[in-house]
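Q: after the sequence you'll find the predicted model.
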Amino acid sequence: MAITAQMVKELRERTGAGMMECKKALTQTNGDLEAAIEEMRKSGLAKAAKKAGRVAAEGIIATSLSADKKAASIVEVNSETDFVARENAFVKFAQDLADLALAHKLSDIEALLNTDMGNDKTAETVRAELVAKIGENIQVRRVAYVESTGVLGDYLHGSRIGVLASLSNDDGDLARDIAMHVAATRPDVIKPEDVAEDMIEKEKEIFIAQARESGKADDIIEKMVGGRIKKFLNEISLHGQAFVKNPDQTVAQLLQSKGAEVHRFVRFEVGEGIEKEVVDFAEEVKAQAQGK
């Protein structure tokens, strides 16, 4: 029986499993949806799907750098608890994914999950099996692959922050220093002129409103806003920031002294942007004791 896209879609909606796993299950059961679901439950894939709705905001960042430092990858893999994020099998899975992304030049989550990890298992299959074994929702949230005409530097701050930095020259130590700086200061862009115009306009509106509250004249306000915008652009751009290892020097000055340019940087921090559920365990126990 031919397996249609609609059949795969329906099974995905019913189980939450990956596209390739759904197609494989349907093929094995000759298109029988209920039989496919049963087989997926037996293998643990359906169990993994049941946990997919739970918030996974902990986890780790893993990087992989090629021997010639011309290519690198970075991934974020999330778990529900920090305890699981330190578990050996979880850490190995994240590093294996980073290595896989580097080997296959992948910056797409679905492509990464559908890539073979050996033993006739895709990354999605390995993920689902890990969920079944550990008992927590595990999600591959982000992946990036970067190439450089010069050299790449990678930096991990513990396991929660990871950075890749691409330079125009072959100074590996400088590339790593830049990656470390980006980890510490979180710049939005490389140069002040890279900041989007609409972001600048929004900041101007805020600064003008704040200045007018002080009752200053318009010409004074204009000078004040100009200075504040310049300061704002320096704060959010890599070039304008004071270098973390030498605050008397900006990153732009450091790069100029080394004859280098930063072509790109990628910064991942575990759980950024994920809304976490904050649980007050004392209140939770108290509520249970009161029968709520």
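A: Arrived safely.
Q: in space, what's closest to residue 162 - neighbours in sequence excluded?
A: Leaving aside its chain neighbours, residue 162 sits nearest to residue 61 (3.4 Å; criterion: CB to CB, 6 or more residues apart in numbering). Backbone N, C-alpha and C define where each C-beta goes, glycine included.
Q: quickly find the element holding that neighbour.
A: Per DSSP states H and E: residue 61 is located in strand 58-65.
Q: tell me which strands and helices that strand is in contact with?
A: Judged by 3 or more CB pairs under 8 Å, 6 or more residues apart in numbering; DSSP states H and E, strand 58-65 is in contact with strand 71-79, helix 82-85, helix 88-104, strand 151-157, strand 161-167.
Q: go through stretch 166-185 and flag the buried ones.
A: Buried residues in stretch 166-185, counted by 16 or more other CB atoms under 10 Å: 166-169, 171, 174-183, 185.
Q: can you give me the mean pLDDT across that stretch?
A: Taken as a whole, stretch 166-185 has a mean pLDDT of 97.
Q: could you list the residues in contact with that stretch?
A: Applying CB atoms under 8 Å, 6 or more residues apart in numbering, the contact partners of stretch 166-185 are 69, 146-155, 157, 161-165, 238, 241, 243-245, 251, 254-255, 258-265, 267.
Q: tell me the gap between it and the middle of its chain.
A: The chain centroid and the centroid of stretch 166-185 are separated by 19 Å under CA atoms, centre = their mean, to the nearest Å.
Q: in the protein, which spans are helices?
A: Secondary structure of the chain (DSSP state H): helices at 5-15, 19-28, 33-43, 45-50, 82-85, 88-104, 109-113, 123-134, 172-185, 197-213, 218-236, 251-258, 281-289.
Q: selection in PyMOL covering whichever of the contacts of stretch 166-185 are buried, please.
A: Burial among those is assessed by 16+ other CB under 10 Å; the matching PyMOL selection reads:
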select buried, resi 69+146+148+150+151+152+153+154+155+161+162+163+164+165+238+241+243+251+254+255+258+260+261+262+263+265+267
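Q: now do the buried residues in stretch 199-207.
A: The neighbour-count check on stretch 199-207 (16+ other CB under 10 Å) flags 203, 207 as buried.
Q: I meant stretch 269-276, not that one.
A: Buried positions in stretch 269-276, judged by neighbour count with 16+ other CB under 10 Å: 270-271.
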